[in-house]
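Chemist: build the 3D model from these lines:
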Amino acid sequence: MGGAERAERKRKQQAFEAAAREREDVTPDRGRGRIATAAAAVLVLLAVVVGVGVWLQQRDDPGELPAAIPATTPAADYPVELQGETVVAGDPGAPVPVDVYEDFLCPGCAALENLYGDRLAQAAASGQAVVRYHPIAMLDEDSDPEGYSTLAAGAAICAAE
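Modeler: Next up, the predicted model:
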């Protein structure tokens with residue numbers, strides 16, 4: 001092996017080592033930059049989430065609530081009584097019995113009440129009909145939280161008492 005070959009080999013070795021040093025110098029910085037950018041993005045995202053949460057909590061705050069809501073007794077021109085779990089409106093001896101089965105979450109039941117509620121009240125007041133309201137819970141599984149139909153029916157029974 002002559003001097004020229006050794007010099008060429010040494011030059012290639014030095015070039016290889018210089019390239020390796022450059023890769024080592026560049027790669028860690030680039031990696032640290034990516035990590036720092038990702039960490040900053042995560043912190044900004046976390047700050048936004050916390051900020052939105054605080055804002056929602058303050059926005060939904062009802063403020064000061066009244067100590068008690070005064071109870072009122074609705075005025076009806078006909079007798080109303082509770083028979084078991086049925087609310088009976090009007091004279092039980094009226095010639096026409098009308099049985100209304102309703103779930104307080106049911107849109108169809110609400111439509112029926114909106115269309116015929118006044119007529120039923122007039123019939124009960126005039127003694128033409130006795131209206132028996134049967135609260136039922138058919139939409140328990142469709143409510144959130146589940147069981148709301150049962151709670152609403154129970155509240156109606158309590159209100160009738």
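
Chemist: in the protein, which spans are strands?
Modeler: 80-83, 86-89, 96-102, 129-135 (DSSP state E).

Chemist: return the last one as CSV; C-alpha atoms alone will do.
Modeler: Read that as strand 129-135. Extracted in CSV, the C-alpha atoms of strand 129-135 (Å, rounded to 0.1, in the frame of the first residue of the first chain):
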residue,chain,number,x,y,z
ALA,A,129,-117.8,14.1,31.3
VAL,A,130,-115.5,12.8,33.9
VAL,A,131,-111.9,12.8,32.8
ARG,A,132,-109.6,10.2,34.3
TYR,A,133,-105.9,10.9,33.7
HIS,A,134,-103.6,7.9,33.9
PRO,A,135,-99.9,8.9,34.1
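
Chemist: any buried residues in it, and which?
Modeler: Across strand 129-135, burial judged by 16 or more other C-beta atoms under 10 Å covers 129, 130, 131, 132, 133, 135. Heads up, the C-betas are built off the backbone N, CA and C, glycines and all.

Chemist: is it true that the fifth one touches residue 85?
Modeler: No - taking contacts as C-beta atoms under 8 Å, residue 133 lies outside contact range of residue 85: 9.8 Å.

Chemist: what bits of the chain have low per-residue confidence?
Modeler: 1, 24-32, 60-63, 65 (pLDDT under 70).

Chemist: from residue 106, how far off is the spatially most central residue of it?
Modeler: Note on the chain: the residue nearest the mean C-alpha position is residue 144, at 7.3 Å, using C-alpha atoms, centre = their mean. For residue 144, the distance to residue 106 (C-beta to C-beta, to the nearest Å) stands at 16 Å.

Chemist: one more: residue 57?
Modeler: Relative to residue 106, residue 57 is positioned 33 Å away (C-beta to C-beta).

Chemist: okay, the two: which has more neighbours?
Modeler: Each of residue 57 and residue 106 has its neighbours counted (other C-beta atoms under 10 Å); residue 106 has more, 18 against 9.

Chemist: please give me every residue in contact with that one.
Modeler: 138, 139 (C-beta atoms under 8 Å, 6 or more residues apart in numbering).

Chemist: mind checking the backbone torsions on it?
Modeler: Main-chain dihedrals, residue 106, degrees, to the nearest 10: phi -80, psi 120.

Chemist: just to revisit the earlier point, how about CSV for the buried residues of strand 129-135, with distance to residue 123 added?
Modeler: Below are these laid out as CSV (distance: C-beta to C-beta, whole Å):
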residue, distance to residue 123
129, 4
130, 9
131, 7
132, 12
133, 13
135, 20
